[in-house]
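> this one's structure only:
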């Protein structure tokens, strides 16, 4: 009776890692995941918008980044006729003071269509947007914000505005003047923490 020959490989057992080794492996995996996530965050950052989509009923901008308010006011000057919300200004700041920091020259009728509030965080901006859109019974609005801010805005919109409300939001990114590594890392860290903050 023929015997079967099997190739047998013998590998030495790995040495025990100990708690220090395990901690090093876990830290390395977390650091790698963090860096890969940051790379994807940059790769999938959207380009600045060029034109408004049709049928927008309202336009919102979140203060806190360069170029956002200016881009919103430019759309008003170029013919946007809907209502506008500037969210995130200081509680004591007036619309006149906000406009004074830009080169925009709006007519009285254009200024009358602008509201502003004193939201302090992006989460509060989302709440202001929701209340403002509900008051006007809007179903399609645009949000002007920085390119690196769009991912967090999308996440918070998904988390805090129920689909049953029927509000469609188009995010309109603008290129910030401060798009260096430090603000990108800061925004990426805020994105990672967003699901856990209220």
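Looks like it arrived, so ask away. This structure is a prediction, so every number in the text was calculated from the model and none was measured.

> State which helix of the chain is the longest.
Longest helix in the chain by number of residues (criterion: DSSP state H): helix 18-43.

> After that one, which helix or strand is next?
Using DSSP states H and E, the helix or strand that follows helix 18-43 in sequence is strand 58-62.

> Could I get the full set of helices for this protein?
18-43, 68-77, 95-100, 108-112, 122-136, 150-160, 181-193.

> and the helix-or-strand element of the chain with minimal mean pLDDT, which residues are buried?
Least confident helix or strand, the chain: helix 95-100 with a mean of 84, by mean pLDDT, DSSP states H and E. By 16 or more other CB atoms under 10 Å, the buried positions in helix 95-100 come out as 98-99. (C-beta placed from N, C-alpha, C; glycine too.)

> coming back round to it: elements contacting the longest helix of the chain?
helix 181-193 (3 or more CB pairs under 8 Å, 6 or more residues apart in numbering; DSSP states H and E).

> And for residue 124, the neighbour number?
15 (other CB atoms under 10 Å).

> Tell me where the chain is predicted with low confidence.
1-11, 13-15, 198 (pLDDT under 70).

> rerun at 90
Applying pLDDT under 90 to the chain flags the ranges 1-27, 54-55, 63-67, 88-108, 117-121, 163-164, 176-180, 195-198.

> rewinding a little: now what about the least confident helix or strand of the chain, what contacts it?
69, 73, 86, 89, 106, 111, 114, 116 (CB atoms under 8 Å, 6 or more residues apart in numbering).

> if you set the cut-off to 10 Å instead, what comes out?
63, 69, 73, 86, 89-90, 94, 104-106, 111-112, 114-116 (CB atoms under 10 Å, 6 or more residues apart in numbering).

> Between the two ends of stretch 130-144, how far is it?
15 Å (CA to CA, to the nearest Å).

> With stretch 115-131 instead?
End-to-end for stretch 115-131, by CA to CA: 12 Å.

> Just give me how far that stretch sits from the chain centre.
14 Å (CA atoms, centre = their mean, to the nearest Å).

> Same question for stretch 72-87.
The answer for stretch 72-87 is 20 Å, by CA atoms, centre = their mean.

> in it, what counts as buried?
72-76, 80, 82-87.

> Distance to residue 149 added to the residues you listed, as a markdown table?
What follows is the buried residues of stretch 72-87, written out as a markdown table (distance: CB to CB, whole Å):
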| residue | distance to residue 149 |
| --- | --- |
| 72 | 14 |
| 73 | 18 |
| 74 | 18 |
| 75 | 18 |
| 76 | 21 |
| 80 | 21 |
| 82 | 22 |
| 83 | 22 |
| 84 | 18 |
| 85 | 16 |
| 86 | 15 |
| 87 | 13 |
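
> winner for burial among the helices of the chain?
helix 68-77 (a mean of 20; mean count of other CB atoms under 10 Å).

> picking that back up, go through the helices of the chain and name the closest to residue 173.
Closest approach to residue 173 among these (CB to CB): helix 150-160, 5.1 Å.

> No more questions from me, cheers.
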